[in-house]
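# sharing a sequence plus its predicted fold:
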Amino acid sequence: MKTYPLKSITVEEATEKQFGLVDAITQVFEGKDILTRGDLGVVPGYNQPITTHKVEKVLARFFDAEAAMLIRGAGTMAIRLALHAALPRNATLLVHEAPVYPTTQVTLDMLGIKTVVANFNDVKELQKVLENETIDGALVQLTRQKPDDSYDSQAVIECIKTFAPNRPIITDDNYAIMKISKIGCEQGANLSCFSTFKVLGPEGVGCIVGDQKYIDILRKENYSGGLQVQGFEALDVLRGMVYAPVALALSAKVTDEVCTRLNEGEIPGIKKAFIANAQSKVILVTFNKPIAQKVLEQAEKLGSAPNPVGAESKYEIVPMFYRVSGTFRAAIPNVETNTIRINPMRAGADTIIRILKQAMEV
């Protein structure tokens, strides 16, 4: 198995992102406001809490976008609303030739969206599809959908813009936000969508960043009080995002160290370790024998998390030892019998190596 993980930003680059976000906060908020829990309700003139309005201005400024909108329903709803705002009914959507993320497939079914597939790993093939098919828009997932994915999302976006001009491009930035140098809208897409829970923010809050015209449509439709993200939640989005880039860069650094040590033979019985985006950036550990399930059971007893909460949410501190993702299982038959994934979360390499070694010895 050869994998092509996304290039993570360094700790130094992550530090600059932290500083940049704090700078954007100071340009929108007065100092005293950031030390509150924000306001509530549908304030006249805003139809949302003023605090939420200001947080959205911060996010638009930070990502150099026209607008940003916080919505209820996490990343799933962010993608759903973005597709709804940007595409006509019964639209034809360009997607990568790979298993569609399950919650996104539900959205496509709900909206009656038909798909045209192209291999994003081959820009020439993508160009050929664009020249021969009529599409209403495109969806580009920044993280990998199958083990051998290697595409450069910016190159894919540029190709679509060249051969299908004026067609909206929506990116699924989940599991990539604050880990790579640019999100989708910074690469030229029209709308970027992600869950704030994956960047140490509150549960159930999603974010859409990008073109004003599409976000204006959603503001008009999402006018009721119950749909508004309240001020305290919006501030929690900012607080989480300030700390997320450095925390995620440290996790990526640990991922590299663990993978190197395993491939150098530190633990007998391991055939190979790979780094992959599945969906988060993780270590895929393949054993010589079909012991994956046993290792997962023992690793939990030794202190590892047995399942994700939000995939790097604020609750996930200990390393997670878990089965390989659904999209990878769909791509590789029976991979779950001899392979597991490990996400370091906030743990160091020594902790992960210790738990894995002890779990294999039982």
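Everything's here; your move.
# residues near residue 70, how many?
24 (other CB atoms under 10 Å). Any C-beta I mention is one placed from the backbone N, CA and C, and that applies to glycine too.
# kindly report the same for residue 350.
Around residue 350 there are 12 residues (other CB under 10 Å).
# ok now the helix or strand harbouring it, how far from the chain's centre?
Per DSSP states H and E, residue 350 falls inside helix 349-361. Centroid displacement of helix 349-361 relative to its chain, using CA atoms, centre = their mean, to the nearest Å, is 27 Å.
# begin at 25 from here
From this message on, residue numbering opens at 25, which makes the last subject helix 373-385.
# would you map the strands across the stretch 25-174 of the chain?
91-96, 116-120, 138-142, 161-165 (DSSP state E, counting those that start in this stretch).
# can the ones you listed go into CSV with extra columns for distance to residue 127?
What follows is these, written out as CSV (distance: least, CB to CB, whole Å):
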stretch, distance to residue 127
strand 91-96, 15
strand 116-120, 14
strand 138-142, 15
strand 161-165, 12
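# how about those strands in TSV, adding mean pLDDT?
Output for the strands of the stretch 25-174 of the chain, formatted as TSV (pLDDT from 0 to 100):
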stretch	mean pLDDT
strand 91-96	98
strand 116-120	97
strand 138-142	97
strand 161-165	97
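# buried residues in the helix holding residue 374, which are they?
By 16 or more other CB atoms under 10 Å, the buried positions in helix 373-385 come out as 373, 375-377, 379-380, 382-384.
# pull the number of nearby residues for residue 26.
Neighbourhood size, residue 26 [other CB under 10 Å]: 8.
# for the lengthiest helix in the chain, buried residues please.
Assignment by DSSP state H gives helix 255-287 as the longest helix of the chain. Neighbour-count burial for helix 255-287, with 16+ other CB under 10 Å as criterion, is recorded at 255-266, 268-273, 275-279, 281-283, 285-286.
# in the protein, where is pLDDT below threshold?
Scanning the chain for pLDDT under 70 picks out the ranges 25, 302-303, 351-352, 355.
# how is it divided into domains?
Here the domain assignment for the chain is 35-268, 272-385, based on automatic domain parsing.
# who touches stretch 100-108?
The contact list for stretch 100-108 (CB atoms under 8 Å, 6 or more residues apart in numbering) reads 95, 97, 115, 117, 127-128, 131-132, 134-135, 137, 161, 163, 194, 196, 215, 217-219, 230-232, 238, 242, 246.
# about what we covered before: how many degrees apart are the longest helix of the chain and helix 373-385 in direction?
Counting by axes from the mean of the first three to the mean of the last three CA atoms, to 10 degrees, helix 255-287 lies at 60 degrees to helix 373-385.
# list the helices and strands helix 255-287 packs on?
The criterion is 3 or more CB pairs under 8 Å, 6 or more residues apart in numbering; DSSP states H and E, and the helices and strands that helix 255-287 contacts are helix 35-52, helix 74-86, strand 91-96, strand 229-234, strand 294-301, strand 305-311, helix 373-385.
# excluding chain neighbours, give the residue nearest to residue 197 in space.
residue 218 (4.2 Å; CB to CB, 6 or more residues apart in numbering).
# give me the contacts around stretch 283-296.
25, 297-299, 307, 309-313, 315, 362, 373, 377, 380-381, 384.
# mind redoing it with 10 Å?
25, 29, 282, 297-300, 306-313, 315, 319, 362-363, 366, 373-374, 376-378, 380-385 (CB atoms under 10 Å, 6 or more residues apart in numbering).
# quick one: the residue lying closest to residue 322 once chain neighbours are set aside and residue 362, what's the gap?
For residue 322, ignoring the flanking residues on the chain, the nearest one in space by CB to CB, 6+ apart is residue 383 at 3.8 Å. Residue 383 sits 14 Å away from residue 362, going by CB to CB, to the nearest Å.
# follow-up on the earlier one: right, so the strands of the stretch 25-174 of the chain: which one is the most enclosed?
Burial of the strands of the stretch 25-174 of the chain is given as mean neighbour count (mean count of other CB atoms under 10 Å); strand 161-165 ranks first at a mean of 26.
# now the angle from it to strand 294-301?
Using the same axes, to 10 degrees, strand 161-165 lies at 140 degrees relative to strand 294-301.
# chain center to strand 161-165: distance?
14 Å.
# please apply the same query to stretch 62-69.
Worked out by CA atoms, centre = their mean, stretch 62-69 lies 29 Å from the chain centre.
# try stretch 220-238
How far stretch 220-238 lies from its chain's middle: 11 Å, per CA atoms, centre = their mean.
# using CSV, write out the CA atom coordinates for it.
Extracted C-alpha coordinates of stretch 220-238, given in CSV (Å, rounded to 0.1, in the frame of the first residue of the first chain):
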residue,chain,number,x,y,z
THR,A,220,-15.9,23.7,14.0
PHE,A,221,-16.0,20.6,16.3
LYS,A,222,-12.9,19.3,14.4
VAL,A,223,-10.9,22.4,15.4
LEU,A,224,-11.6,22.2,19.1
GLY,A,225,-14.9,24.1,18.9
PRO,A,226,-18.4,23.4,20.1
GLU,A,227,-20.5,20.5,19.1
GLY,A,228,-22.9,20.8,16.2
VAL,A,229,-21.7,24.0,14.7
GLY,A,230,-20.6,24.2,11.1
CYS,A,231,-19.0,26.9,9.0
ILE,A,232,-19.3,28.0,5.4
VAL,A,233,-16.7,30.5,4.1
GLY,A,234,-16.6,32.0,0.6
ASP,A,235,-18.7,33.9,-1.9
GLN,A,236,-21.1,36.5,-0.5
LYS,A,237,-23.9,35.8,-3.0
TYR,A,238,-24.3,32.2,-1.9
